[in-house]
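The following block contains a protein sequence and its predicted model.
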Amino acid sequence: MKIILLSDANSIHTIRWVKALSKRGYEIILVSFSISLENKKDFLNLGIKTYDLEISKKIIRSGESSWRKIRYIFAVRKIISIIGKEKPDILHAHFLSSYGLLGRLTGYKPFFCSVWGSDIMSFPNKNIIAKRITKFILTGADIICATSNVMKNELTKYINRDVHVIPFGVDTDFFKPLSEGNKKRPSELVIGSVKGLHPRYGIDILIRVFNKLKSEYKDPLKLVIAGDGPQKRDLLNLIKELRLEKDISILGSIPHENVPEILYSFDIFVALSREESFGVAVLEASSCGLPVVVSNAGGLPEVVIKNKTGFIVSKDEIETALDVIKKLLSNKDLRKEMGINGRNFVLKNYCWESSVSNMCKIYNEFNTAISK
C-alpha cells in the first residue's frame, strides 16, 4: 500500500511514524513544508521518498493566523502534482490546521486527517474563520484520528463522526528504567521537566513551586528543565529575581535520543501545564520508572493513574503541587512504587508498537472496504 504523508518532516513524531510504517512494509512518500538536510539524508538511506515544498519557516509560523492560511494555497498545486505522479492509495495529513488544510484543498480521496494538539484545542477558537476552516477540513476527511480522548471530545464540537484515538506511544525498549547499579546519583534530589518554554506549559509555576520547596525542605534540591522556547528570557529573569541561579538549570532543547539520559538524572518528573493536549513527555518519564506530578490540564489526567503512578493537581494551584512534591521527596519508597506502577501502565496502554499496529489496522480495513 502506498501512502502519502503530509506532515512536518522535522518533527520527531513524523519521523517515528514514517520509519515505523515503512518498517511494516508500507510505501511511504513524505511531503513536508521543509526538510532539514540531515533528515532528508536519513530518509533517503531508509529508501523513503520525500518532497520538500520549500515553504519558509517564517510563513509557517505566521500561518497560525487563520487569515494567513491563504498562503498555503500556493503549495496545493505542488501537492496535486505529486499525487498525480505517485498515485497513492491514501493521502494522510498530520496536523489539521496546516497539512490538513492542504490535504483537504487537493480534493484527493481517500483522505485521512490526524489531529495532534493545538490544531484542534486552540486553533478553532481563534475566530469564526478558524472554526469554518476546521469544519471544512473535517467534513472532507474519510478517516479522522486524534492523539487523546480529550482531543476526540473536542472534535465532536465540529463534526458528528467516529474518531480513532491513536496516541503517540512510547518506545518502551528505549524509554526504560535504568538499573540501580548504573545510576549516577547527584548529591541533591532532582525535580525535572522536559517541556517547551511557553506560557501554556506552566514552567513559571514550576519555578515558583520550587522556590517554596527550597525554603521549606531541608535537604539539597535541584530543578532541571530541558526545553527551549519564547518564554526563556522571562523565565531566566524570574530565576534571577528569586535568586535561584545556582539551583535551577535550563538545558535548552534536547535531541529526542538524549531524553532518557536526562530523565535518568531526575527523581521526580513534573508537568504543571496550563494547557496540554496529551502528555507524551509524561509517559516517557513513567516508562523510565519515574513518579510524576501533573496538572489537570487537557489530556494530562489521561496519562496518569491518580495516586498510583503519580499525583494530579489543579492547574495554577501552587500549594497543592508543593504538598505532593514534598510528599514524594520525603518518601523514597513511594517514589519507587509510583515509578514501577507508571512503567506497567505505559507497557499496558501506551506501547508504541501497539499504536503503530492500530494505525495499520485502520489503513488495511479501510483499503479492504473500498476495494470491495
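On my side now, so go ahead.

switch to C-alpha atoms for all contacts and neighbour counts from now on
Will do.

which one's the longest helix in this protein?
helix 352-371 (DSSP state H).

so where is the protein shaky, pLDDT-wise?
56-72, 180-186, 372 (pLDDT under 70).

hmm, back to that, now do the buried residues in the longest helix of the chain.
Of the residues in helix 352-371, 352, 354-356, 358-359, 363 count as buried by neighbour count, 16 or more other Cα atoms under 10 Å.

And stretch 105-112, by the same measure?
105-106, 108-112.

chain center to that stretch: distance?
25 Å (Cα atoms, centre = their mean, to the nearest Å).

And the contacts of it?
For stretch 105-112, contacts defined as Cα atoms under 8 Å, 6 or more residues apart in numbering pick out 73, 76-77, 79-80, 89-93, 103-104, 140-145.

Can you show me the CA trace of that stretch as PDB?
Presented in PDB, the C-alpha positions along stretch 105-112 are these (Å, rounded to 0.1, in the frame of the first residue of the first chain):
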ATOM      1  CA  LEU A 105      -7.800  21.500  -0.700                       C
ATOM      2  CA  THR A 106      -6.300  18.900  -3.000                       C
ATOM      3  CA  GLY A 107      -9.700  17.200  -3.100                       C
ATOM      4  CA  TYR A 108      -8.000  13.800  -3.100                       C
ATOM      5  CA  LYS A 109      -9.700  10.700  -1.900                       C
ATOM      6  CA  PRO A 110      -9.300   8.800   0.300                       C
ATOM      7  CA  PHE A 111      -8.100  11.500   2.700                       C
ATOM      8  CA  PHE A 112      -7.200  10.800   6.300                       C
END
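
hey, where'd the strands end up in this structure?
Using DSSP state E, the strands found in the chain span residues 2-6, 27-32, 49-52, 90-94, 111-115, 143-146, 164-165, 189-194, 221-226, 248-252, 268-271, 292-295, 310-313.

about what we covered before: ok and the longest helix of the chain relative to strand 2-6, angle-wise?
Angle between the axes of helix 352-371 and strand 2-6 is 120 degrees (criterion: axes from the mean of the first three to the mean of the last three Cα atoms, to 10 degrees).

Let me know the angle separating helix 352-371 from strand 111-115.
150 degrees.

Among the buried residues of stretch 105-112, which are located in helices?
105-106.

would CSV of the buried residues of stretch 105-112 with distance to residue 2 be doable?
Shown next, in CSV, are the buried residues of stretch 105-112 (distance: Cα to Cα, whole Å):
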residue, distance to residue 2
105, 20
106, 17
108, 14
109, 13
110, 12
111, 13
112, 13
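
Residue 270: which of the buried residues of stretch 105-112 is nearest?
Nearest to residue 270 among the buried residues of stretch 105-112, counting by Cα to Cα, is residue 112 at 34.3 Å.

what does the longest helix of the chain contact?
By Cα under 8 Å, 6+ apart, helix 352-371 touches 17, 20-21, 89, 166-172.

How much space separates the most centrally placed residue in the chain from residue 302?
Centroid-nearest residue in the chain, with Cα atoms, centre = their mean: residue 280, separated by 5.3 Å. Here residue 280 is placed at a distance of 11 Å from residue 302 (Cα to Cα, to the nearest Å).

Settle this for me: residue 92 is touching residue 5, isn't it.
Yes - using Cα atoms under 8 Å as the test, residue 92 is close enough to residue 5 to be in contact (5.0 Å).

hang on, the earlier thing: residues in contact with the residue nearest to the centre of the chain?
With Cα under 8 Å, 6+ apart, residue 280 has these contacts: 168-170.

Output the residues you listed in TSV; the columns should cover distance to residue 30 and neighbour count.
As requested, the contacts of residue 280 are exported to TSV (distance: Cα to Cα, whole Å; neighbours: other Cα atoms under 10 Å):
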residue	distance to residue 30	neighbour count
168	18	23
169	21	22
170	22	25
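
possible to save those residues as TSV with distance to residue 128?
TSV is the format used below for the contacts of residue 280 (distance: Cα to Cα, whole Å):
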residue	distance to residue 128
168	30
169	33
170	36
